[in-house]
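S.K.: take this sequence and fold it.
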Amino acid sequence: MSDYLSHLEFERAYSANTIRSYRSDLANLRAFAEQRAAAEARSEAKPQPEPEITLELLRDWLWAASNQGLSKATLARRSATVKSFSAWLSRTHQQAIDPAARLRAPRPDRSLPRVLSRASMQSIFDRLEDRASEGEELAQRDLVIVELLYASALRVSELVGIDVDDLDLDRRTVLVTGKGSKQRVVPFGGPAGEALVQYLHRGRPALLERSAVPAAKGALLLNQRGARLGTRAVYTLVSGLLRELPGSGPEGPHAFRHTAATHLLDGGADLRAVQEMLGHASLGTTQIYTHVTTERLRQSYLAAHPRA
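M.R.: Now for the predicted structure:
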């Protein structure tokens, strides 16, 4: 497991979050295999054998997870994890065959992402701008957070990883590092640029004075102690903002990314350009936003057309 996770980190350049998920899944499989081997040893009054990866073991593992009520998405992820691990073991000649090659898992349900209306987004910005106008440094930072999540359709991990040197205020672009350590340059608009200027001139210097961490000096977004802002703080901020709005669905930062992509397509943006902006490796991933747009059109049709 340790060698495999090192392979993912240094050879495949997987993100820390992805490696954390793989490590958790494999640790769960190992615990399941050890428990089953111990039970078999007790029933046969024999020494406990070393657990082996077999197709039967993997099927039983997923079946047990399903009975625990885990979602189809989690089962699919676990299946993908162990298939990748087993293939690597076979490829590096650490096991003779690849038992996971025949493993099947349920396809995750693909639900449409939450998309906020333009009016809802404007209400969020009105509230944040009112708070930021009072000059409080955290309020100025919070406005920058939401501006960049929506203006540049960023992932939360990309957002908190931005350094000041990654910004080009003249061209209104920012260099971000996405999944697989792939970098891309994305634009942001005038309001986001204005929020950044205010924060860089007033809010960030005030937060930086509290910093006891030299490495934080390059970070764009800082917490109240002057250290680089973490993803959990962004989730807390966004959850509080979205909870006050009508509608249901996820209340995380990804809602702003979904909303930005949908609004771009609604406004006539090219699908390929949106794919590049979002940093999607596959156009198929971006196409879910065309489904959102189509569904919104259908709902409008049903509500407005006399022969609907």
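
S.K.: the helices in the stretch 51-200 of the chain, which residues?
M.R.: Counting by DSSP state H, counting those that start in this stretch, one finds helices in the stretch 51-200 of the chain at the ranges 55-67, 72-91, 118-132, 137-151, 156-160, 190-198.

S.K.: in CSV: those helices, plus distance to residue 278 and mean pLDDT.
M.R.: C-beta here means a position set from N, CA and C on the backbone, and glycine is covered the same way. Formatted as CSV, the helices of the stretch 51-200 of the chain follow (distance: least, Cβ to Cβ, whole Å; pLDDT from 0 to 100):
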stretch, distance to residue 278, mean pLDDT
helix 55-67, 31, 90
helix 72-91, 20, 92
helix 118-132, 18, 94
helix 137-151, 12, 96
helix 156-160, 10, 94
helix 190-198, 17, 96
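
S.K.: which of these has the highest mean neighbour count?
M.R.: Mean neighbour count (mean count of other Cβ atoms under 10 Å) peaks for helix 137-151 among these, with a mean of 23.

S.K.: who does that helix touch, helix- and strand-wise?
M.R.: helix 118-132, helix 156-160, helix 190-198, helix 204-208, helix 231-243, helix 254-266 (3 or more Cβ pairs under 8 Å, 6 or more residues apart in numbering; DSSP states H and E).

S.K.: output it as CSV, nothing but the C-alphas.
M.R.: Output of helix 137-151 as CSV, limited to C-alpha atoms (Å, rounded to 0.1, in the frame of the first residue of the first chain):
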residue,chain,number,x,y,z
GLU,A,137,-10.2,42.8,6.6
LEU,A,138,-12.0,39.4,6.9
ALA,A,139,-15.1,40.9,5.1
GLN,A,140,-12.8,42.1,2.2
ARG,A,141,-11.2,38.6,2.0
ASP,A,142,-14.7,36.9,2.0
LEU,A,143,-15.8,39.0,-0.9
VAL,A,144,-12.6,38.0,-2.8
ILE,A,145,-13.3,34.3,-2.1
VAL,A,146,-16.8,34.4,-3.6
GLU,A,147,-15.8,36.6,-6.5
LEU,A,148,-13.1,34.2,-7.6
LEU,A,149,-15.2,31.1,-7.0
TYR,A,150,-17.9,32.5,-9.3
ALA,A,151,-15.9,34.8,-11.7
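
S.K.: what's the angle between that helix and helix 231-243?
M.R.: Going by axes from the mean of the first three to the mean of the last three Cα atoms, to 10 degrees, helix 137-151 is angled at 80 degrees with respect to helix 231-243.

S.K.: re the thing from before, rebuild the helices of the stretch 51-200 of the chain as CSV, extending it with distance to residue 270.
M.R.: Output for the helices of the stretch 51-200 of the chain, formatted as CSV (distance: least, Cβ to Cβ, whole Å):
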stretch, distance to residue 270
helix 55-67, 40
helix 72-91, 30
helix 118-132, 20
helix 137-151, 18
helix 156-160, 22
helix 190-198, 21
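
S.K.: once you drop chain neighbours, what's closest to residue 137?
M.R.: Leaving aside its sequence neighbours, residue 137 sits nearest to residue 203 (Cβ to Cβ, 6 or more residues apart in numbering; 3.8 Å).

S.K.: doesn't residue 134 make contact with the one you found?
M.R.: No: between residue 203 and residue 134 there is no contact, the gap being 11.3 Å when judged by Cβ atoms under 8 Å.

S.K.: who has more neighbours out of the two?
M.R.: Comparing residue 203 with residue 134 by other Cβ atoms under 10 Å, the one with more neighbours is residue 203, at 24 against 8.
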